[in-house]
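1. Build the 3D model from these lines:
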Amino acid sequence: MGHVIGAAAAIFLALIVPSAYGQTSCLPSYTALQTTETKASFSHFLISQNSQGPFTTHVVLEGAVVDDILKMKIQFDPNWEGVSLPYNLYAVMVIAEGRPAAWYDFTRGCQTAGFGFFPGRSLELPPVKLLGSPAQRLQIMVWGKL
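-> Numbers count the residues shown, from 1 in each chain. Reported below is the predicted structural model:
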């Protein structure tokens with residue numbers, strides 16, 4: 001089990017920490033969301049940053065665990081009727097009970113600009129098969145920005 005966590009940590013650090021050659025990750029230096037969930041359903045607004053600092057966006061991550069499957073969707077709040085710059089989603093990581101469960105890299109290893117979308121559009125992430133009982137501790141991290 002330790003080598004699985006170690007491998008996930010190595011992949012994570014390779015994407016976040018600057019390398020010896022001066023290259024940095026294409027992911028923002030902050031997370032748009034970092035949460036720990038133990039409930040069957042949840043909803044969180046994502047943050048972004050500008051020259052004045054961090055702010056809450058109108059983009060929301062919604063998730064639900066049904067049986068042993070985690071389903072998640074990212075979208076602009078459907079109750080919000082404003083206009084916006086596109087939201088760029090770069091990556092999502094899910095850790096279940098301390099073990100890596102899912103890694104979605106929408107930049108394809110920093111080869112693309114991620115997945116951009118405007119209000120009215122949503123992205124359903126592939127379902128995550130969870131091991132064990134549905135009442136698990138999930139850690140979810142999202143990288144994205146306006």
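2. so V65 touches V128, yeah?
-> No - applying Cβ atoms under 8 Å as the test, V65 and V128 come out as separate, 9.0 Å apart. In short, each C-beta sits where N, CA and C put it, glycine included.
3. Which one of those two is surrounded by more residues?
-> Between V65 and V128, counted using other Cβ atoms under 10 Å, V65 has the larger neighbour count: 23 against 20.
4. How is that one assigned, secondary-structure-wise?
-> strand (DSSP: H, G, I helix; E, B strand; the rest coil).
5. With N79 instead?
-> Relying on three-state DSSP, one would call N79 coil.
6. And the contacts of stretch 26-43?
-> Contact partners of stretch 26-43, identified using Cβ atoms under 8 Å, 6 or more residues apart in numbering, comprise 15-16, 44, 46-49, 54, 57, 59-66, 90-91, 107, 110, 134-145.
7. repeat that for 6 Å
-> 15, 44, 46-47, 60-65, 90-91, 107, 110, 137-145 (Cβ atoms under 6 Å, 6 or more residues apart in numbering).
8. mind listing the strands for this protein?
-> Remark: strands assigned in the chain by DSSP state E are 33-37, 41-50, 53-66, 69-76, 87-96, 99-105, 115-117, 122-124, 128-129, 138-145.
9. Fine, thanks again, bye for now.
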